[in-house]
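**Student:** Fold the following.
(one chain, ligands or ions: 1)
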Amino acid sequence: MSTVDLEQVSRWYGNVVAVNDVTMHLGPGVTGLLGPNGAGKSTLINMMAGFLAPSAGTVTLDGRPLYRDPEIYREVGLVPEREEMYDAVSGWAFVLANARLHKLADPEAAARRAIATVEMADAQDRDIRTYSKGMKQRIKMATAIVHDPTVLLLDEPFNGMDPRQRMHLMDLLHELGDQGRTILFSSHILEEVEQIAGRIEVMVAGRHAASGDFREIRRLMTQRPHQYTIRSDDDRALASAVIAETSTSGVELVADGAGGTTVHVQALDFSAFVHALPQVASRHGIRLLEVRPADESLESVFSYLVTR
Ligand SMILES: Nc1ncnc2c1ncn2[C@@H]1O[C@H](COP(=O)(O)OP(=O)(O)OP(=O)(O)O)[C@@H](O)[C@H]1O
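**Tutor:** Residues are numbered from 1 along each chain as shown. Here you go, the predicted structure:
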């Protein structure tokens, strides 16, 4: 059983801070690394795989720094996000070459085992260029587990997979996690992560935004303050009526640029507000014309986690 520890890790590329002061501890089982594009997930994974040096802080596996330590590479398997592979070789040859690079005692047996685990035995002799995206992904997975690593890192492994391939990989990750391996996979889709990972680490704009059980993360995301844009037949009256509601924290009357107005409301308690709004309107004889949630983008949901 292995643990990967990141202590105050930062990584910058010139002026770009890709990872900003992240402290994170990964233990056995499956952990999901969730965050929108550009959050720093790949950078973090590459540091955990020992391929990239942190600019500050330490990344260790069972207390040993990971960067450029070939002995540690034996403990870690990486499924990179990149699509490119050696197309003109068979899946078998590719996995076997990796087994040989690891100088395994019986590379052929290891390659056979890894290919069987990802259920690619039937297609193993075909050239990789004839594989579907999902099949390529499975061969990448086989090369990552051929040396039986205790830590497995997967960068956006579900991208481009159909539902059946997805289920298959989910089962496989569960199985490998149940064996006591430390598994981390990245994704930008909450539903994907919560189906597999008991534990979720959230990254936003290079920072470690939240950490914990998926229920806790979902609660934080759904109960965040919501913004609404509302139009009615009397926006001024509506704005002053709504501000008196305890479920709101801010109300603004905004010119809509076409001579009219809209009301922007910040709701603290979203279910209470949605319930109260029609009652407030009817009490004041106001007709609601449009109620639209604003700012529902994934980025804004995630950024709420950072700024809360
Ligand atoms: N080699 C590099 N040189 C310069 N900037 C980089 C480099 N690699 C990553 N970055 C920048 O660092 C930030 C984090 O990138 P990273 O790829 O780690 O994020 P990510 O969460 O994996 O995103 P994605 O899902 O889009 O791959 C981004 O702003 C990116 O543009």
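**Student:** Going by C-alpha atoms from here, please, whenever you check contacts or count neighbours.
**Tutor:** OK.
**Student:** Could I get the contacting residues of the residue nearest the centre of the chain?
**Tutor:** Geometric centre of the chain, nearest residue: Leu34, 2.2 Å, by Cα atoms, centre = their mean. Residues near Leu34 by Cα atoms under 8 Å, 6 or more residues apart in numbering: Lys41, Ser186, Ser187, His188, Ile189, Leu190, Val193, Ile200, Glu201, Val202, Met203.
**Student:** try Glu191
**Tutor:** Applying Cα under 8 Å, 6+ apart to Glu191 gives no contacts.
**Student:** sorry, back to before: are any of the contacts of Leu34 buried, and if so which?
**Tutor:** With burial judged by 16 or more other Cα atoms under 10 Å, the buried subset of the contacts of Leu34 is Lys41, Ser186, Ser187, His188, Leu190, Val193, Ile200, Glu201, Val202, Met203.
**Student:** related to what we said a few turns ago, nearest residue to the residue nearest to the centre of the chain other than its sequence neighbours?
**Tutor:** Closest residue to Leu34 apart from its sequence neighbours, by Cα to Cα, 6 or more residues apart in numbering: Val202 at 4.7 Å.
**Student:** who's that neighbour bridged to?
**Tutor:** Taking DSSP bridges as the rule, Val202 bridges to Leu34, Ala210.
**Student:** what helix or strand is Ala114 on?
**Tutor:** helix 107-117 (DSSP states H and E).
**Student:** So for that helix, what gets flagged as buried?
**Tutor:** Within helix 107-117, the residues that count as buried by 16+ other Cα under 10 Å are Pro107, Glu108, Ala110, Ala111, Arg112, Arg113, Ala114, Ile115, Thr117.
**Student:** how far away is the first one from Glu119?
**Tutor:** With distances taken as Cα to Cα, to the nearest Å, Pro107 is found 18 Å from Glu119.
**Student:** picking up where we left off before, show the model's pLDDT score for the residue nearest to the centre of the chain.
**Tutor:** For Leu34, the model assigns a pLDDT of 91.
**Student:** Strands of the chain, residue ranges please.
**Tutor:** 4-13, 16-26, 29-34, 56-61, 64-65, 76-79, 151-154, 182-187, 199-204, 207-213, 226-232, 248-255, 261-267, 288-294 (DSSP state E).
**Student:** Export these as a markdown table, with columns for distance to Ile139.
**Tutor:** A markdown table is the format used below for the strands of the chain (distance: least, Cα to Cα, whole Å):
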| stretch | distance to Ile139 |
| --- | --- |
| strand 4-13 | 25 |
| strand 16-26 | 25 |
| strand 29-34 | 20 |
| strand 56-61 | 26 |
| strand 64-65 | 28 |
| strand 76-79 | 10 |
| strand 151-154 | 13 |
| strand 182-187 | 17 |
| strand 199-204 | 26 |
| strand 207-213 | 31 |
| strand 226-232 | 43 |
| strand 248-255 | 52 |
| strand 261-267 | 48 |
| strand 288-294 | 42 |
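**Student:** For the protein, give me the ranges with low pLDDT.
**Tutor:** Under the criterion pLDDT under 70, the flagged ranges of the chain are 83, 221-224, 295-308.
**Student:** That one against the ligand: which residues are in contact?
**Tutor:** Tyr13, Ala18, Asn37, Gly38, Ala39, Gly40, Lys41, Ser42, Thr43 (Cα under 6 Å from any ligand atom).
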